[in-house]
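In: Please work out how this folds:
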Amino acid sequence: MATNKNASFRYRVLNDCFREGSRKWTIEPLIEHVSEQLAEHFGIDKGISDRQIKEDIHIMRSLPPRGFDAPIVCREGIYFYDDPTFSIDKKSLNTDDVRSLTEAVSLLRQFRGLPHFEEIEAILTKIEGKTLTNDPNETIISFENAPLTRGYDFLPQLYQAIRNEQVLRITYKAFQAPADEVFTMHPYYLKQYRERWYIFGLVAETDAIYNLALDRITRIDGSKSRYKPNRRFNPTDYFNDIVGVTRPNGVPVQDVLLRVSVATVPYLQTRPIHASQNLVELQPTGSLFRYRVVPNYEFTAEILRLGEAVEVIEPIGLREVIAGKAKKLVSVYT
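Out: Numbering: from 1, shown residues only. Prediction:
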C-alpha cells in the first residue's frame, strides 16, 4: 500500500501532533490530519485507516531499532507524549549504536569511485552530521585504500555497460605491447585484486574471454554490435582454483605441496594463500601445506613473496620455475 511506503513521514506527522500541547488529539482528528498531510505532500487521496494509525502508534512506542521508544500515552481517548521534551528527531543513539555506525561509515567510505557512490556519500554525510560525534583528530582505524591513479574513472562506465548489456570498444595498452590494441568486448564482470580493477568479458576479435586491467585502458567507446549474453564465464568456477585473476590456457589444476618454516606457519594459518590450503603435517623444522590450484603468475608471486620461508616440494615443474627465478635473483645481487 502507498501509505505503508510513507511510514517515516507519518511517524513525523504524529510526532508533531503529540508534541503540541494546545490541541487534544483523539483518533479521529489524527486520522484526518495525517490524511491531509499525505494528500498535500504525496498526492495520496485515499486517506489513512483507523487500524493504520493505531499500528503507527504501536510501532513508535516499540523499542529501537523497530521503533523509537516514544512515551505515547492515551488518557480519556487523548494521545500525547508523557514527556513533553521528547521527539523522535532528538532520539539519541546509545554507545553501541554510535560505534556500529562509525565502523559502517568508515567501511563504506572506502568505496569512493564506485557507481552510485554520490548517493551513498549524501547518506553518510547525514549520518555523521546527525548521529556521530567523532573527533576528526581521533583516528583509531584505517583501511588499506589506494585508488588507481589511472583507469579508476572508467569503473562507473564499465559497471553501467554490464548492467545495460552494452558492447564496448576498448583501447588498451599492455605493459609489454609496442602499440595500443582495440578490443570489441561484451563486458560481464568486474573484480578487484591487490588494489587493481579488472574487467572480464568476451572479446569479439578472438571469441575468447579476456580480462583487462583498468589502469591499462586508455579509451572506451560504445559499439553498435549486438550484445552477447554471458553463457561462457562463470565467476565462481573461474576463480575457484586460482589466486588472483589470471587463468593460463592449458594449465590444469594441480596439487601443490609447500614446506613452510616454523615462524611462518602461524602467518599462513591466519592468512591462507588460497581457500584450498590444508595443513598436512606439523614438523619441528617446518610444516607441510597442500593446495589444489592452477599454479598461475599470482600464485607463484605469493610463494616468491615469502622468500626462504617456503620451499616447493611438488609438483617438480613448479619447483623448477621457482628455482629458476631464485637463481636469476641471486645473479642480480652477485
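In: Okay, helices next: where are they in this protein?
Out: 2-5, 7-19, 27-42, 50-61, 95-108, 117-131, 155-164, 235-240, 265-270, 297-305, 316-333 (DSSP state H).
In: The longest one packs against which elements?
Out: Other helices and strands packing on helix 316-333, by 3 or more CB pairs under 8 Å, 6 or more residues apart in numbering; DSSP states H and E, are helix 297-305, strand 310-314. Just so you know, the C-beta spots here come from the backbone N, C-alpha and C atoms, and that holds for glycine as well.
In: Throw these into CSV and include mean neighbour count and distance to residue 216, thanks.
Out: Formatted as CSV, these follow (neighbours: other CB atoms under 10 Å; distance: least, CB to CB, whole Å):
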stretch, mean neighbour count, distance to residue 216
helix 297-305, 16, 16
strand 310-314, 17, 30
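In: Next, find the distance separating residue 208 from residue 201.
Out: Taken as CB to CB, to the nearest Å, the spacing of residue 208 relative to residue 201 amounts to 10 Å.
In: can you check residue 51 too?
Out: Applying CB to CB, the value for residue 51 to residue 201 is 52 Å.
In: Looking at these two, which is more packed in?
Out: Neighbour tally, residue 51 and residue 201, criterion other CB atoms under 10 Å: the higher count belongs to residue 201, 26 against 8.
In: Please tell me how far the nearest residue to residue 225 once chain neighbours are set aside sits from residue 28.
Out: In space, and not counting its chain neighbours, residue 225 is closest to residue 167: 4.3 Å by CB to CB, 6 or more residues apart in numbering. Distance of residue 167 to residue 28, given as CB to CB: 61 Å.
In: Repeat that for residue 172.
Out: Residue 172 sits 69 Å away from residue 28, taking CB to CB as the criterion.
In: okay, these two: which has more neighbours?
Out: Between residue 172 and residue 28, counted using other CB under 10 Å, the more crowded position is residue 172 (19 against 11).
In: residues in contact with the residue nearest to the more buried one when sequence neighbours are not counted?
Out: Distance criterion CB to CB, 6+ apart; nearest residue to residue 172, sequence neighbours excluded, is residue 181 at 5.1 Å. Residue 181 makes contacts with 171, 172, 173, 174, as judged by CB atoms under 8 Å, 6 or more residues apart in numbering.
In: So which of the residues you listed sit within strands?
Out: Using DSSP state E, the subset of these located in strands is 171, 172.
In: now the helices and strands packed on helix 316-333 in TSV, with mean pLDDT and distance to residue 245?
Out: Shown next, in TSV, are the helices and strands packed on helix 316-333 (pLDDT from 0 to 100; distance: least, CB to CB, whole Å):
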stretch	mean pLDDT	distance to residue 245
helix 297-305	95	7
strand 310-314	96	22
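In: JSON lines please, covering these and showing distance to residue 230.
Out: Output for the helices and strands packed on helix 316-333, formatted as JSON lines (distance: least, CB to CB, whole Å):
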{"stretch": "helix 297-305", "distance to residue 230": "23"}
{"stretch": "strand 310-314", "distance to residue 230": "36"}
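In: Please identify which of those is closest to residue 194.
Out: Closest approach to residue 194 among the helices and strands packed on helix 316-333 is made by helix 297-305 (8.3 Å; CB to CB).
In: Any stretches of the stretch 1-150 of the chain with poor pLDDT?
Out: 1-5, 65, 90-149 (pLDDT under 70).
In: can you do 50?
Out: By pLDDT under 50, the weakly predicted segments of the stretch 1-150 of the chain are 1-3, 130-137, 147-148.
In: do you know how far the nearest residue to residue 150 once chain neighbours are set aside is from residue 310?
Out: Nearest non-adjacent residue to residue 150, counting by CB to CB, 6+ apart: residue 215, 4.4 Å away. Noted for residue 215: a distance of 29 Å to residue 310, by CB to CB.
In: Dump stretch 20-36 to CSV, restricted to CA.
Out: The C-alpha coordinates for stretch 20-36 follow below in CSV (Å, rounded to 0.1, in the frame of the first residue of the first chain):
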residue,chain,number,x,y,z
GLU,A,20,1.7,20.0,20.5
GLY,A,21,0.1,20.9,23.9
SER,A,22,-2.6,23.3,22.6
ARG,A,23,-4.7,20.6,20.9
LYS,A,24,-6.3,17.4,22.2
TRP,A,25,-5.6,14.7,19.7
THR,A,26,-8.0,11.8,19.6
ILE,A,27,-8.0,9.1,16.9
GLU,A,28,-10.4,10.8,14.5
PRO,A,29,-8.5,14.1,14.4
LEU,A,30,-5.3,12.2,14.0
ILE,A,31,-6.7,10.2,11.0
GLU,A,32,-7.9,13.5,9.4
HIS,A,33,-4.7,15.4,10.0
VAL,A,34,-2.4,12.6,8.7
SER,A,35,-4.6,12.0,5.7
GLU,A,36,-4.4,15.7,4.8
